[in-house]
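Participant: model this:
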Amino acid sequence: MLNKFGPSGQGEAQVQYLDGDFRVISPGSYVRCAVTDARIPLDELKYWSVDLQEAYALPSAVLQRHYPGALKAGG
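Facilitator: Got it, this is the predicted structure:
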């Protein structure tokens, strides 16, 4: 997971998303949500896609990416 002893950097990190974990390839303090473009601090990163290699800020962003009509339906 996050290397707490290495240089953390202040910019955007490059991350490899794995099953149940992620690896920091290039140091930084955050990644960007693939749907909303919001900054996600690495210590708050909870949602990502291994297949698409992208991060998501919220569960709703995951739904929006994988099931685009899901949030609009049901109304």
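Participant: which residues touch Leu45?
Facilitator: With contacts defined as Cβ atoms under 8 Å, 6 or more residues apart in numbering, the neighbours of Leu45 are Val15, Phe22, Val31, Ala55. (Each C-beta comes from the backbone N, C-alpha and C, glycine too.)
Participant: do the same with Tyr47
Facilitator: For Tyr47, the residues meeting the contact criterion (Cβ under 8 Å, 6+ apart) are Ala55, Tyr56, Ala57, Leu58, Pro59, Ala61, Val62.
Participant: and the gap between the closest residue to the fourth one other than its chain neighbours and Gln10?
Facilitator: Residue nearest to Leu58 in three dimensions, not counting chain neighbours: Tyr47, with 7.2 Å by Cβ to Cβ, 6 or more residues apart in numbering. Distance from Tyr47 to Gln10, counting by Cβ to Cβ, to the nearest Å: 23 Å.
Participant: cool, and Leu63?
Facilitator: Relative to Gln10, Leu63 is positioned 31 Å away (criterion: Cβ to Cβ).
Participant: same check on Ser49?
Facilitator: In this structure, Ser49 lies at 26 Å from Gln10, with Cβ to Cβ as the measure.
Participant: compare these two (neighbour count), which wins?
Facilitator: In this comparison of Ser49 against Gln10, neighbours counted by other Cβ atoms under 10 Å, the higher total goes to Ser49 at 14 against 9.
Participant: can you pull the contacts of the more buried one?
Facilitator: Going by Cβ under 8 Å, 6+ apart, Ser49 touches Tyr17, Ala34, Tyr56, Val62, Arg65, His66.
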